[in-house]
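S.K.: No letters, just coordinates:
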Ligand code: BES
Ligand code: MN
Ligand code: ZN
């Protein structure tokens with residue numbers, strides 16, 4: 001796959017030493033900023049005080065007009081300038097700074113610029129927030145748009161900072177670009193349609209990601225899944241022309257690992273519902289049913305690039321839930337890898353089947369923590385809407401730490417109860433369990449189903465059915481795959497050290 005992010009060039013330069021060269025140069029200013037920094041003052045002077053006048057104007061005072069472009073007639077090697085106001089420095093919150101820079105990069109991207117420079121002027125600004133917002137906001141998925149302008153994206157980023165802050169910003173930049181890369185990979189995978197991303201092509205991309213990194217990548221194909229007795233996983237994927245696969249990625253740090261973690265992602269590359277077929281409108285967007293696996297792959301890439309001192313297994317349960325004569329039927333009873341027999345009452349509750357076998361596989365890896373992530377239930381979207389994902393865990397400390405990591409990076413997480421008594425809904429007349437409960441508490445019963453397949457590790461389950469895909473444009477996220485919860489995962493793993 002041609003990854004958008006691979007074409008990007010990011011560089012960090014020194015203001016007033018390196019010449020500013022770009023199609024567009026972004027100059028952030030504060031509301032009622034008294035004195036401009038030296039570099040901006042020169043630009044201002046060369047343009048008859050356009051910036052200082054604007055800052056002093058009633059527009060900015062009233063916070064009405066927030067940004068404007070103007071063509072360069074001065075000495076620098078820049079075509080145009082974009083000046084935008086960050087608001088009141090006394091009242092500025094980190095997420096507002098991130099969002100403001102994301103909006104600036106959107107304005108630029110929409111106008112078809114390709115090379116952008118951002119100058120770090122006022123020292124009140126936390127420039128790492130600026131970089132993060134600017135990069136995240138620039139994401140687009142336009143590879144199938146033939147219209148030239150629509151297909152163009154910002155591909156060269158030059159950040160100019162004063163010499164005094166360069167070291168600090170350089171460290172932050174490495175981290176931000178590794179994380180952003182991971183999110184963009186996850187977004188790309190989610191946005192790619194089901195005719196492009198299917199188990200084998202997904203596994204091939206995973207191999208490519210691992211190739212030049214400290215990551216080993218094992219792909220279990222159908223024969224291997226049979227050997228592993230992963231019959232639930234096979235039952236989901238058997239009607240597809242694309243055979244199911246399980247990808248096992250392993251990251252082992254050079255130093256002795258303090259903790260071992262397994263991340264397990266639902267990778268249903270398309271969910272028709274199977275014989276319990278989805279109605280047409282519910283089937284649209286089901287290419288995103290592999291979002292969990294996409295975020296796990298992105299996270300593995302990032303932790304290797306960041307050299308985190310923990311050992312992490314990334315497990316992607318890949319299958320297409322399709323319809324054919326050999327499809328799993330409602331009523332079929334299948335023995336899981338762990339030995340528990342499952343009556344498959346509804347073939348559209350397939351994510352928990354794939355995950356059940358993947359979780360039991362992960363539990364054999366002797367890890368401290370297992371976190372699975374899945375677009376698991378529509379019920380979760382009804383409960384929490386499309387901006388919040390659910391966190392389930394019996395372990396208070398683990399749930400707390402996932403919640404805190406999410407809050408730190410700006411993802412929205414909410415803990416939900418694993419209410420044991422609802423397990424009664426999963427009783428089957430013919431097998432150890434059935435794969436669906438009733439309509440009520442559907443996200444909870446799905447989580448309870450999964451809980452049966454983890455016996456050793458501390459476990460958490462994230463239901464990302466809502467926020468995996470942005471239904472509208474947000475400052476930091478374009479419409480489509482959000483990459484959630486990649487940033488939460490990375491931060492969680494960083495915090496574990
Ligand atoms: N992939 C869906 C869940 C989903 C729904 C994700 C909407 C994103 C948006 C999952 O496989 C599914 O179909 N779940 C069923 C379960 C039901 C049959 C118990 C659902 O939620 O309707
Ligand atoms: Mn389904
Ligand atoms: Zn599904």
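M.R.: Happy to help now that I have it. Because the structure is predicted, anything quoted here is derived from the model rather than measured. Ligands and ions are numbered 1, 2, ... in the order given.
S.K.: Could you tell me how many residues sit around the residue of the stretch 1-150 of the chain found nearest ligand 3?
M.R.: Closest approach between the stretch 1-150 of the chain and ligand 3, counting by CB to the ion: residue 141, at 21.4 Å. Glycine gets a C-beta too; all of them are placed from N, C-alpha and C. Using other CB atoms under 10 Å, residue 141 is surrounded by 18 other residues.
S.K.: Is residue 10 in a helix, a strand, or coil?
M.R.: With DSSP: H, G, I helix; E, B strand; the rest coil as the basis, the three-state label of residue 10 is strand.
S.K.: Kindly list the longest helix within this protein.
M.R.: Longest helix in the chain by number of residues (criterion: DSSP state H): helix 166-191.
S.K.: what's the next helix or strand after that one packed up against?
M.R.: Going down the chain from helix 166-191, the next helix or strand is helix 199-211, by DSSP states H and E. Judged by 3 or more CB pairs under 8 Å, 6 or more residues apart in numbering; DSSP states H and E, helix 199-211 is in contact with helix 166-191, strand 215-220, strand 245-251, strand 260-271, helix 291-305, strand 311-321.
S.K.: Take the ones you listed and lay them out in JSON lines including mean neighbour count, distance to ligand 1 and mean pLDDT.
M.R.: Converted to JSON lines, the helices and strands packed on helix 199-211 look like this (neighbours: other CB atoms under 10 Å; distance: least, CB to the nearest ligand atom, whole Å; pLDDT from 0 to 100):
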{"stretch": "helix 166-191", "mean neighbour count": "21", "distance to ligand 1": "11", "mean pLDDT": "95"}
{"stretch": "strand 215-220", "mean neighbour count": "18", "distance to ligand 1": "22", "mean pLDDT": "98"}
{"stretch": "strand 245-251", "mean neighbour count": "24", "distance to ligand 1": "18", "mean pLDDT": "99"}
{"stretch": "strand 260-271", "mean neighbour count": "28", "distance to ligand 1": "5", "mean pLDDT": "99"}
{"stretch": "helix 291-305", "mean neighbour count": "29", "distance to ligand 1": "8", "mean pLDDT": "98"}
{"stretch": "strand 311-321", "mean neighbour count": "28", "distance to ligand 1": "7", "mean pLDDT": "99"}
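S.K.: Tabulate these (TSV), appending distance to residue 448.
M.R.: Below are the helices and strands packed on helix 199-211 laid out as TSV (distance: least, CB to CB, whole Å):
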stretch	distance to residue 448
helix 166-191	27
strand 215-220	27
strand 245-251	23
strand 260-271	16
helix 291-305	18
strand 311-321	19
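S.K.: Count residues in the vicinity of the residue in the stretch 301-450 of the chain positioned nearest to ligand 3, would you?
M.R.: Taking CB to the ion, ligand 3 has its nearest neighbour within the stretch 301-450 of the chain at residue 351, 4.4 Å off. Residue 351 sits with 29 neighbouring residues when counted by other CB under 10 Å.
S.K.: same thing with the one 4 residues further on?
M.R.: Neighbour count for residue 355, taken as other CB under 10 Å: 30.
S.K.: Where does it sit, in terms of helix or strand?
M.R.: helix 351-363.
S.K.: How about residue 103?
M.R.: Using DSSP H and E, residue 103 falls in helix 94-110.
S.K.: Show me what that helix is packed against.
M.R.: Using 3+ CB pairs under 8 Å, 6+ apart: helix 94-110 touches strand 21-29, strand 67-71, strand 77-85, strand 115-119, helix 127-137.
S.K.: Leaving out sequence neighbours, find the closest residue to the residue of the stretch 1-150 of the chain closest to ligand 3.
M.R.: residue 191 (4.2 Å; CB to CB, 6 or more residues apart in numbering).
S.K.: give me every residue that touches that neighbour.
M.R.: Neighbouring residues of residue 191 by CB atoms under 8 Å, 6 or more residues apart in numbering: 141, 480-481.
S.K.: That one and residue 362: what is the separation?
M.R.: Residue 191 is 27 Å from residue 362, where distance means CB to CB, to the nearest Å.
S.K.: Mean pLDDT and distance to ligand 3 for the helices and strands packed on helix 94-110 - can I get that in TSV?
M.R.: Below are the helices and strands packed on helix 94-110 laid out as TSV (pLDDT from 0 to 100; distance: least, CB to the ion, whole Å):
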stretch	mean pLDDT	distance to ligand 3
strand 21-29	95	41
strand 67-71	95	41
strand 77-85	95	41
strand 115-119	96	38
helix 127-137	95	27
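S.K.: Distance to residue 327 and mean neighbour count for the ones you listed - can I get that in TSV?
M.R.: Listed next are the helices and strands packed on helix 94-110 as TSV, based on distance: least, CB to CB, whole Å; neighbours: other CB atoms under 10 Å:
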stretch	distance to residue 327	mean neighbour count
strand 21-29	53	21
strand 67-71	54	13
strand 77-85	54	19
strand 115-119	50	23
helix 127-137	40	25
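S.K.: Output the ones you listed in a markdown table; the columns should cover distance to ligand 1.
M.R.: Below are the helices and strands packed on helix 94-110 laid out as a markdown table (distance: least, CB to the nearest ligand atom, whole Å):
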| stretch | distance to ligand 1 |
| --- | --- |
| strand 21-29 | 36 |
| strand 67-71 | 35 |
| strand 77-85 | 36 |
| strand 115-119 | 35 |
| helix 127-137 | 23 |
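S.K.: The longest helix of the chain to helix 291-305, inter-axis angle?
M.R.: For helix 166-191 against helix 291-305, the angle by axes from the mean of the first three to the mean of the last three CA atoms, to 10 degrees is 150 degrees.
S.K.: ok and helix 166-191 relative to helix 127-137, angle-wise?
M.R.: Using the same axes, to 10 degrees: helix 166-191 against helix 127-137 is 20 degrees.
S.K.: ok so, going back, between the helices and strands packed on helix 199-211, which one is nearest to ligand 3?
M.R.: Closest among the helices and strands packed on helix 199-211, once you apply CB to the ion, is strand 260-271, at 3.8 Å.
S.K.: Near ligand 3, which residues of the chain are found?
M.R.: Within the chain, the residues that sit near ligand 3 (CB under 5 Å from the ion) are 268, 271, 289, 351.
S.K.: so where do the helices sit in the stretch 351-497 of the chain?
M.R.: 351-363, 378-384, 396-409, 442-451, 486-495 (DSSP state H, counting those that start in this stretch).
S.K.: Need the winner for burial among those helices.
M.R.: Most buried of those, by mean neighbour count (mean count of other CB atoms under 10 Å): helix 351-363, with a mean of 27.
S.K.: does ligand 2 sit close to it?
M.R.: No. Helix 351-363 does not reach ligand 2 (CB under 5 Å from the ion); its nearest approach is 6.2 Å.
S.K.: other SSEs contacting that helix?
M.R.: Partner elements for helix 351-363 (3+ CB pairs under 8 Å, 6+ apart): helix 231-237, strand 245-251, strand 260-271, strand 311-321, strand 341-344, strand 369-374, helix 442-451.
S.K.: Just list the residues touching the closest residue to ligand 1 within the stretch 351-497 of the chain, thanks.
M.R.: In the stretch 351-497 of the chain, the residue that lies nearest ligand 1 is residue 378 (3.2 Å; CB to the nearest ligand atom). Applying CB under 8 Å, 6+ apart, we find residue 378 in contact with 282, 442, 465.
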